[in-house]
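Enquirer: here is the input, now give the coordinates:
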Amino acid sequence: MSSACSAAWATARSGTRPTGEVLFSGTAPSTGGRRAKEFALNPNFRHVVQLTVTVLPEGYRICRKTCDLNGAVLVEQAFDSATCTEQDLVDSARAACAEDERIGIVCIANPGVSIAGKVVVSDAEGLTGSYLVAAVTDACGVVTVVENDVNAAAIGLWEDFRTESLALLYQPARYYVGVGMVIGGRLYNGASHAAGELRYLPFYTEEEQDAALAANPVELLAKQLATLNCVISRTTCATSHRSSGRAWSRSMTLIGRSRKGSPRLRATS
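Expert: Numbers count the residues shown, from 1 in each chain. Purely as a prediction, here's the structure:
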């Protein structure tokens, strides 16, 4: 990748000691002159902790993964919690950092809306109102990112397909639908970070949505898809009744590779 090669070249020119961020991977085929050296990102230069919260019929499941920078899962653990509080996530992140000194960032997928490090609303009600970024950063001493869970999955899906625009619609069994939208190569959050929260659209009250979800979920889904088609091309919409593990893991690693993310995947309003 060009950024890795640039970093290696800058290190070589300056005469400073290599940091290990990139590794020599071989030489390119000769085109008549001296063969060029090739470098690759060192997948173990830093590791990424991923924390995801799933709502169960009774309580919550917190899944913790430690991945390298290529997205390979190194450690995976899960435990159930009756309440899923800020302390549960802090303890899980702290345990991961204690086990692996290469941890450089903790990425948390919140089933709700987070703004400036604060969980504004969450399907895990024990997290609502929590200043989760500050709590985990203070406990672990590493960069912490909190993103909506469906947004995170949408980033991973976009990375796999690389379409100009994409929408991932996720319908949980017990709660309202969520949507992650990548438009023009950028994650679209909206001014209030609620761009994909279709529960707030005016065609149904929350009580009517509850009834439709129980009695006729297909009709509810059709209305939500029609709403999305007003914003984004219908050919780029993907629907799911459950999270995509591959997309989720990929997305959290992408977020973890840079605290600001890829230039094409920065949030926009």
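Enquirer: buried stuff in whichever helix or strand E159 is part of?
Expert: Following DSSP states H and E, the helix or strand that holds E159 is helix 149-161. For helix 149-161, the neighbour count (16 or more other C-beta atoms under 10 Å) marks D149, V150, N151, A152, A153, A154, I155, G156, L157, W158, E159 as buried. Where C-beta positions appear, they are placed from N, C-alpha and C, glycine not excepted.
Enquirer: and those residues, which two are the farthest apart?
Expert: D149 and E159 (16.1 Å; C-beta to C-beta).
Enquirer: strands along the stretch 101-250 of the chain, start to end?
Expert: With DSSP state E, counting those that start in this stretch as the criterion, the stretch 101-250 of the chain has strands at 103-110, 112-115, 118-122, 143-148, 166-170, 178-183, 186-188, 237-240.
Enquirer: so which of these gets nearest K37?
Expert: With C-beta to C-beta as the measure, strand 103-110 is the member of those nearest K37 (26.1 Å).
Enquirer: could you check how far the residue nearest to R61 when sequence neighbours are not counted is from A124?
Expert: Leaving aside its sequence neighbours, R61 sits nearest to T54 (C-beta to C-beta, 6 or more residues apart in numbering; 4.5 Å). Distance of T54 to A124, given as C-beta to C-beta, to the nearest Å: 9 Å.
Enquirer: higher neighbour count, these two?
Expert: Just comparing T54 and A124: by other C-beta atoms under 10 Å the higher neighbour count belongs to A124, 24 against 20.
Enquirer: ok, now which ones touch the more buried one?
Expert: With contact taken as C-beta atoms under 8 Å, 6 or more residues apart in numbering, A124 is in contact with V53, V55, Y60, C84, N110, P111, G112.
Enquirer: T83: neighbour count?
Expert: 12.
Enquirer: just checking, it touches E58?
Expert: No - judged on C-beta atoms under 8 Å, T83 makes no contact with E58 at a distance of 11.3 Å.
Enquirer: show me the shaky parts of the stretch 151-269 of the chain.
Expert: 173-176, 191-204, 226-269 (pLDDT under 70).
Enquirer: switch the cut-off to 80
Expert: Counting by pLDDT under 80, the low-confidence segments of the stretch 151-269 of the chain come to 164, 167, 169-178, 188-210, 212-214, 217-269.
Enquirer: check the stretch 1-150 of the chain too.
Expert: Within the stretch 1-150 of the chain, the segments meeting pLDDT under 80 span 1-19, 30-32.
Enquirer: which stretches in it count as helices?
Expert: Along the stretch 1-150 of the chain, counting by DSSP state H, counting those that start in this stretch, helices occupy 2-14, 86-99, 132-140, 149-161.
Enquirer: turn the ones you listed into a markdown table, columns for distance to E206.
Expert: Formatted as a markdown table, these follow (distance: least, C-beta to C-beta, whole Å):
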| stretch | distance to E206 |
| --- | --- |
| helix 2-14 | 45 |
| helix 86-99 | 26 |
| helix 132-140 | 25 |
| helix 149-161 | 18 |
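Enquirer: most neighbours per residue, which of those?
Expert: helix 149-161 (a mean of 24; mean count of other C-beta atoms under 10 Å).
Enquirer: how distant is that helix from the center of its chain?
Expert: In terms of C-alpha atoms, centre = their mean, to the nearest Å, the centre of helix 149-161 is set 7 Å apart from its chain centre.
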